[in-house]
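Asker: take this sequence and fold it.
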Amino acid sequence: MTEHPTTNGETTATLTKLLSAVADPVRLRLASLIAHNGETCVCDLVDATGLTQTNVSRHLSLLRHAGLITGRKQGLWVYYSLNKPVTASQKQILSLVKKAIDSEPELRDDLDRLKTSC
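Answerer: Take a look at the predicted model:
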């Protein structure tokens, strides 16, 4: 696949990877929780979403490979946080991820569960 630069220097492949990462409902839920909570442990994301640890970790790995989040290991757990956006496209996508919680009841419910588990 040939990478074509966009107007701000990003490649279409990079932008497509980022958009694909947040297009999945589970990954959108996880990214939204991390966006609103800041650094968050996998164990708390499991509690908030009701998904298995394996499923959550797999989706977090895809978000990490897309460059959206970063992980920090502490003992048995990994804590994830959003990467600082570098490009205008990344800023816009992260803004949409953060705003999604305002219109999606499932995301608000996840956040409420996360806040009670932390």
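Asker: let me know the helix or strand that the closest residue to N55 other than its chain neighbours is in.
Answerer: Counting by Cβ to Cβ, 6 or more residues apart in numbering, N55 lies nearest to V26, which is 7.2 Å off, once chain neighbours are set aside. Heads up, the C-betas are built off the backbone N, CA and C, glycines and all. Assigned by DSSP states H and E, V26 belongs to helix 25-37.
Asker: any idea of the mean pLDDT in that helix?
Answerer: Mean per-residue pLDDT for helix 25-37: 96.
Asker: which other residues reach it?
Answerer: 21-22, 40, 44-45, 48-49, 51, 55-56, 59-60, 62-63, 68-69, 80-82, 94, 97-98, 100-101, 106-107, 110-111, 114-115, 118 (Cβ atoms under 8 Å, 6 or more residues apart in numbering).
Asker: how does it look with 7 Å?
Answerer: Helix 25-37 has contacts (Cβ atoms under 7 Å, 6 or more residues apart in numbering) with 21-22, 40, 45, 48-49, 51, 56, 59-60, 62-63, 68-69, 80-82, 94, 97-98, 100-101, 107, 110-111, 114.
Asker: what residues does stretch 84-102 touch?
Answerer: Residues outside stretch 84-102 that contact it (Cβ under 7 Å, 6+ apart) are 8, 10, 15, 18-19, 22, 28, 31-32, 35-36, 82, 107-108, 111.
Asker: the helix ranked longest in the chain: how far from the chain's middle?
Answerer: Secondary structure assigned by DSSP state H gives helix 88-103 as the longest helix of the chain. With Cα atoms, centre = their mean, to the nearest Å as the basis, helix 88-103 stands 10 Å off its chain's centre.
Asker: now the residue nearest to the spatial centre of the chain: closest residue in space, sequence neighbours ignored.
Answerer: With distances taken as Cα atoms, centre = their mean, A31 lies nearest the centre of the chain, 2.3 Å away. Using Cβ to Cβ, 6+ apart and skipping residues adjacent in sequence, the residue nearest A31 is V97, 4.9 Å away.
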